[in-house]
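**Q** My questions concern the predicted model and sequence given below.
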Amino acid sequence: MEYKRIKKSHTSVIHRIVMENHLGRKLKKTEIVHHNDGNKQNNNIKNLTLLKSRKKHNKLHTSKYCPKGHKFTKNNTLFHDNKNGKPSRRCRECHRKEQEKRNHNKLILSKIKQ
Ligand SMILES: [Zn+2]
Ligand SMILES: [Zn+2]
């Protein structure tokens, strides 16, 4: 079940193209590009990790730790449906930090505008 879900969530090709540009070569079919923050719209190279196989990728998604190393405890796990209606798992700690960063950027922007 888990496997199918992951497979489908990586049907978009933009992140693969970004990674190919970054590496300067074509990706192998076996290679998987993973979104570190779980946000499939975030195709910034900093948010992408190249994995050699689906197996490794699968492991990452079912691992007890987020890519940043926070543990997926009950309290630290956010489940939400993405745009395709597929549930996905997010690290609360990372989510919170991201939110802070976003708010911070907004603050800076509003100061510039004034
Ligand atoms: Zn992934
Ligand atoms: Zn985390």
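**A** Yep, it's here. Numbers count the residues shown, from 1 in each chain. Ligands and ions are numbered 1, 2, ... in the order given.

**Q** tell me what the longest helix anywhere in the chain is packed against?
**A** The longest helix of the chain (DSSP state H) is helix 92-113. Counting by 3 or more Cβ pairs under 8 Å, 6 or more residues apart in numbering; DSSP states H and E, the packing neighbours recorded for helix 92-113 are strand 77-81. Backbone N, C-alpha and C define where each C-beta goes, glycine included.

**Q** does any bit of the strand it packs on sit next to ligand 2?
**A** No. Counting by Cβ under 5 Å from the ion, ligand 2 has no neighbours in strand 77-81; the shortest distance is 9.9 Å.

**Q** That strand - what's its average pLDDT?
**A** Strand 77-81 shows a mean pLDDT of 78.

**Q** element containing residue 17, please.
**A** Element membership of residue 17 [criterion: DSSP states H and E] is helix 14-23.

**Q** export that helix as PDB, just CAs?
**A** Taking Å, rounded to 0.1, in the frame of the first residue of the first chain, the C-alpha atoms of helix 14-23 are listed here in PDB:
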ATOM      1  CA  ILE A  14       9.700  18.800 -13.100                       C
ATOM      2  CA  HIS A  15      11.800  17.700 -10.200                       C
ATOM      3  CA  ARG A  16      13.500  15.200 -12.400                       C
ATOM      4  CA  ILE A  17      14.400  17.900 -14.900                       C
ATOM      5  CA  VAL A  18      15.700  20.200 -12.200                       C
ATOM      6  CA  MET A  19      17.900  17.400 -10.900                       C
ATOM      7  CA  GLU A  20      19.100  16.500 -14.400                       C
ATOM      8  CA  ASN A  21      20.100  20.100 -15.000                       C
ATOM      9  CA  HIS A  22      21.800  20.200 -11.600                       C
ATOM     10  CA  LEU A  23      23.800  17.000 -12.400                       C
END
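
**Q** Many thanks, we can stop here.
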